[in-house]
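Visitor: Starting from these lines, generate the structure:
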Amino acid sequence: MSAIAEETVAAPPRRRLRLALWLLSRSFSSMLGLFLVIAIVVLALIGPWIVPYPDHVAGAVNLANKLQPPSAAHWLGTDEVGNDILTRVIIGARISLLVGIGITFAAAAIGVPLGILAGLAGGRLREAIMRFTDLFLSVPGLVLAIALVAALGPGIVNAMIALILVWWPGYVRLAESKALSIREEPFIEAARVAGASRARILRRHVLPNSLSPLIVKMSMDIGQAILAVASLGFIGLGAKPPTPEWGAMISIARGYLPDWWWYAMAPGVFIYLAVLGFNLLGDGLRDILDPRSNRG
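Guide: Residues are numbered from 1 along each chain as shown. This is a model prediction of the structure:
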């Protein structure tokens, strides 16, 4: 598969797309990941229009129906105040997906330019950027995120800010390593000799040749960001009730285990499937877009 994947990278754009789709379709795990990601995205897009109890999103109180087991009326049961759990986990898909994508793209927007600048400029500027990056990388990510949210205050926005500050150093490292490997290539030297400016070299040569590993990392990081936000919500530093965020739902539901197991199971399964989907899709994209990284 490696030789075919390398041919995909070198092929013209239209043929590259056909080869990429063919390679993706040959891998069961990649197709499973693609299916799960599409399902989560579709739920996030159309969720508000298909949920059976829209008024339960804002946390309506119906104590007569509290902690009902799964039934025809409530497929995934109800929570401690009588809200339909299926409704809330579907709306939670939109929140988790938007937060995961937002964290990943914001971190990449900060880290990629800094990494490419460090790789191309070299010298003291590179040292300054990379040493500053190392300060963040020296602390475990989730520990740093918890400390930042504790300082900023609980809430979904502050959780996103904290995770962006945790995530960007990884993109600096990746972009810097790609820029270092690309800047010595003959076509970069040819562009310099031809009088191309640094901005033109960056736009026409460095960025296009760095996209493949960045796309792979971003696809995996979305799932990891969803898990990280859920983790912060679970310990009370993320979204606050009645916001239907998966981690916050599990945090409340753990107090009702094991008798009312369905309450915790529903958001937990959704987190698992979302993270699994993005990880499997990322693995498939890596095989296609960055085949050299899989060489043992």
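
Visitor: So for I201, what's the nearest residue that isn't a sequence neighbour?
Guide: Leaving aside its sequence neighbours, I201 sits nearest to A191 (CB to CB, 6 or more residues apart in numbering; 5.2 Å). The way it works is simple: take the backbone N, C-alpha and C, and place the C-beta from them, glycine included.

Visitor: ok, that neighbour to R198 distance?
Guide: Taking CB to CB, to the nearest Å as the measure, A191 falls 10 Å from R198.

Visitor: Now the residue nearest to I201: which helix or strand?
Guide: helix 186-193 (DSSP states H and E).

Visitor: Which residues does whatever helix or strand comes next after that helix contact?
Guide: Note on helix 186-193: by DSSP H and E, the next helix or strand toward the C-terminus is helix 198-201. Outside of helix 198-201, the residues within contact range by CB atoms under 8 Å, 6 or more residues apart in numbering are L120, I188, A191, R192.

Visitor: Enumerate every residue touching the third one.
Guide: The contact partners of A191, by CB under 8 Å, 6+ apart, come to R200, I201, R204, H205.

Visitor: Please report how far the third one lies from I188.
Guide: Going back to what we said before, that points to R204. From R204 to I188 the distance is 10 Å (CB to CB).

Visitor: Same question for the first one.
Guide: Using CB to CB, one gets 11 Å for the distance from R200 to I188.

Visitor: tally of neighbours for R203?
Guide: For R203, the neighbour count with other CB atoms under 10 Å is 12.

Visitor: Could you report the pLDDT at it?
Guide: For R203, the pLDDT comes out at 73.

Visitor: do the one 5 residues further on as well
Guide: The confidence metric pLDDT takes the value 75 at P208.

Visitor: Neighbours of it, how many?
Guide: Residues lying near P208 (other CB under 10 Å) number 10.

Visitor: what about it, helix or strand, and which?
Guide: Going by DSSP H and E, P208 is in helix 207-234.

Visitor: between that helix and helix 186-193, how many degrees?
Guide: 110 degrees (axes from the mean of the first three to the mean of the last three CA atoms, to 10 degrees).

Visitor: on that earlier part again, which of R200 and I188 has more residues huddled nearby?
Guide: Set R200 next to I188 and count neighbours by other CB under 10 Å: I188 wins out with 18 against 12.

Visitor: returning to what we had before: and the pLDDT at the residue nearest to I201?
Guide: 74.

Visitor: what's the answer for the one 5 residues further on, then?
Guide: With respect to pLDDT, A196 scores 71.

Visitor: ok, which stretches of the chain are helices?
Guide: All helices of the chain, identified by DSSP state H, fall at 2-10, 13-26, 28-50, 85-121, 123-137, 141-152, 156-182, 186-193, 198-201, 207-234, 246-253, 261-289.

Visitor: of all these, which lies closest to P70?
Guide: With CB to CB as the measure, helix 261-289 is the member of the helices of the chain nearest P70 (5.7 Å).
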